[in-house]
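Trainee: no sequence on hand, only this structure:
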């Protein structure tokens with residue numbers, strides 16, 4: 001049985017914040033894979049990108065996710081996790097995958113540090129291009145999609161919990 005809940009979505013979708021609320025509400029543990037990477041690498045995501053490139057960050061992210069062996073946790077992933085079939089297959093085997101679907105305009109309003117946030121993207125890639133590319137992948141892997149446009153973070157956490165409960 002899948003005892004974990006994995007949140008996927010664009011930077012700014014609220015994966016970390018909603019994940020913490022969800023974990024607290026459900027009495028689960030919480031893992032933010034971006035924080036896990038930073039602890040294990042002793043660098044920020046942006047430092048990893050600056051010192052190598054976005055593909056290196058994605059490779060590190062895949063390694064960290066493949067090492068996850070937890071139960072009863074909410075896992076907030078980095079937005080680029082969906083580029084790794086291996087990482088996503090692992091997450092699918094241990095958790096319900098929930099896509100926090102937030103419109104481009106809302107994400108753009110929320111993110112003010114696109115260039116320095118540590119987003120694993122090509123140097124020449126715009127936020128719109130990244131959004132369009134990733135949205136296809138999020139939909140591909142999502143078991144559950146929750147619309148995050150008309151809900152606050154508490155409402156999102158409740159919606160995720162309700163959708164996951166239907167599948168348990």
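Mentor: Structure's in. What do you need? All values derive from a computational prediction rather than experimental measurement.
Trainee: and the next element down the chain from the longest strand seen in the chain?
Mentor: Identified as the longest strand of the chain according to DSSP state E is strand 95-101. Next along the chain after strand 95-101, taking DSSP states H and E as the criterion, comes helix 104-110.
Trainee: hey, where'd the strands end up in the chain?
Mentor: Using DSSP E, strands in the chain cover 4-8, 29-32, 73-76, 95-101, 144-147.
Trainee: mind checking how far the second one is from the chain centre?
Mentor: Going back to what we said before, that points to strand 29-32. In terms of C-alpha atoms, centre = their mean, to the nearest Å, the centre of strand 29-32 is found 12 Å from the chain centre.
Trainee: show me what counts as buried in stretch 71-79.
Mentor: Neighbour-count burial for stretch 71-79, counted by 16 or more other C-beta atoms under 10 Å, picks out 73-79. C-beta coordinates here come from the backbone N, C-alpha and C atoms, glycine included.
Trainee: please apply the same query to stretch 74-93.
Mentor: Buried residues in stretch 74-93 (16+ other C-beta under 10 Å): 74-84, 87-88, 90-91.
Trainee: remind me which residues of this protein are low pLDDT?
Mentor: Scanning the chain for pLDDT under 70 picks out the ranges 1, 113-117.
Trainee: repeat that with 80
Mentor: By pLDDT under 80, the weakly predicted segments of the chain are 1, 112-118, 168.
Trainee: correct me, but residue 98 touches residue 163?
Mentor: Yes. Residue 98 lies in contact with residue 163 (C-beta atoms under 8 Å); the separation is 7.0 Å.
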